[in-house]
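Q: when you get a sec, could you give me coordinates for this:
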Amino acid sequence: MNTPFPFSAIVGQDNMKLALVLTAIDPKVGGVLVFGDRGTGKSTAIRAFADLLPPIKVVTGCPVNSEHHIDVPDWVDTASKKTHRINTPVVDLPLGISSDRITGALDIEYALIEGKKRFQTGLLAKANRGYLYIDEVNLLEDHLVDLLLDVAQSGENVVEREGLSIRHASQFILIGSGNPEEGELRPQLLDRFGLSVEVLTPKTVDERIEVIKRRDDYDSNPDEYAKSWDGENKKLRTKIQRAKKNLYSVSVDTSILECCAKICIELGSDGLRGELTLVRTARALAALTGKKSVDIAQVRKIAPMALSHRLRRDPLDDAGSGTRVERSVEKIIG
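A: Here you go, the predicted model:
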């Protein structure tokens, strides 16, 4: 397996890195949508992010990463009484994949050899309690989008075909990346992402030179380069684990809730997901920075990534969605 580029070595792209880290602190924030120019390190950052995630406890031999023996599906006959730790799953969902590969299906080879039916798990089983990453998510076929929406909503994968009746937990954080020039996401899928960030090509010569240098050093010797950044990655990993531990000791005052509600009303965002995401993300940011309570500074910082993808289009306003959010935040907060 190739050594991933170190997460801490990525130059710039602070909003993208922050959004990913916040989902690790509080998975209830939801997924992350990363849109931007080609060649700006979107896929590199997401694959490097896996190295920062804490290990999870799973039942040995359980193909759906169950934490406790009571959670192992009744159709699984390979689970043992032991548990062990694995890296938090980060599973790639490639374009052009069949729905059987995603949901799982009848193991044809086993059926032919043994004459018995057996379920062969798919990507949704592997991604349970982890992350599911879709590159070029805006090019995903509609029937696969519908499938993912169903599972994301219910937290359960259901397979009823070929004489099989299978159910298993599939709770994952969805991460998508893409180039907006190649198409837009369906609103239903867009709503499934908690945070949205835009990644731009570096504008300064110094920043571009630093990107080139680091990438060239990594390509020359990936293992050695990764080792040289182990210390920085370890610091960030420790910071994430501490924030995760202290998350629910961070208080959220009623005035902050009122502020979040007013911002969402001002923007005309549908439903209450906007407020919930604002509060959860601000609390995760406060925990990351060692604060005991959420303040206006956190709300101001994360509002564009929590709300920009939830806005209706305004034909009379040609400002970008991020600018519209910032404008509303300034109006409410001052």
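
Q: ok but residue 91 is inside a helix, no?
A: No - applying DSSP: H, G, I helix; E, B strand; the rest coil, one finds residue 91 to be strand, outside a helix.

Q: any idea how far the closest residue to residue 68 other than its chain neighbours is from residue 283?
A: Among residues not flanking residue 68 along the chain, residue 59 sits closest, at 7.2 Å (CB to CB, 6 or more residues apart in numbering). (Each C-beta comes from the backbone N, C-alpha and C, glycine too.) Distance of residue 59 to residue 283, computed by CB to CB, to the nearest Å: 31 Å.

Q: give me the more crowded residue out of those two.
A: Between residue 59 and residue 283, residue 283 has the larger neighbour count (other CB atoms under 10 Å), namely 27 against 23.

Q: now the more buried one: which helix or strand?
A: Per DSSP states H and E, residue 283 falls inside helix 273-288.

Q: just checking, next helix/strand downstream of that helix?
A: Once the chain leaves helix 273-288, the next helix or strand it forms, by DSSP H and E, is helix 296-307.

Q: so which elements touch that next one?
A: Applying 3 or more CB pairs under 8 Å, 6 or more residues apart in numbering; DSSP states H and E, one finds that helix 296-307 contacts helix 14-25, strand 193-199, helix 254-267, helix 273-288, helix 321-333.

Q: and the ones you listed as JSON lines, adding distance to residue 92 and mean pLDDT?
A: JSON lines is the format used below for the helices and strands packed on helix 296-307 (distance: least, CB to CB, whole Å; pLDDT from 0 to 100):
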{"stretch": "helix 14-25", "distance to residue 92": "15", "mean pLDDT": "90"}
{"stretch": "strand 193-199", "distance to residue 92": "17", "mean pLDDT": "87"}
{"stretch": "helix 254-267", "distance to residue 92": "34", "mean pLDDT": "88"}
{"stretch": "helix 273-288", "distance to residue 92": "25", "mean pLDDT": "91"}
{"stretch": "helix 321-333", "distance to residue 92": "28", "mean pLDDT": "78"}
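
Q: okay if I get these as JSON lines plus distance to residue 159?
A: JSON lines is the format used below for the helices and strands packed on helix 296-307 (distance: least, CB to CB, whole Å):
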{"stretch": "helix 14-25", "distance to residue 159": "28"}
{"stretch": "strand 193-199", "distance to residue 159": "25"}
{"stretch": "helix 254-267", "distance to residue 159": "38"}
{"stretch": "helix 273-288", "distance to residue 159": "29"}
{"stretch": "helix 321-333", "distance to residue 159": "38"}
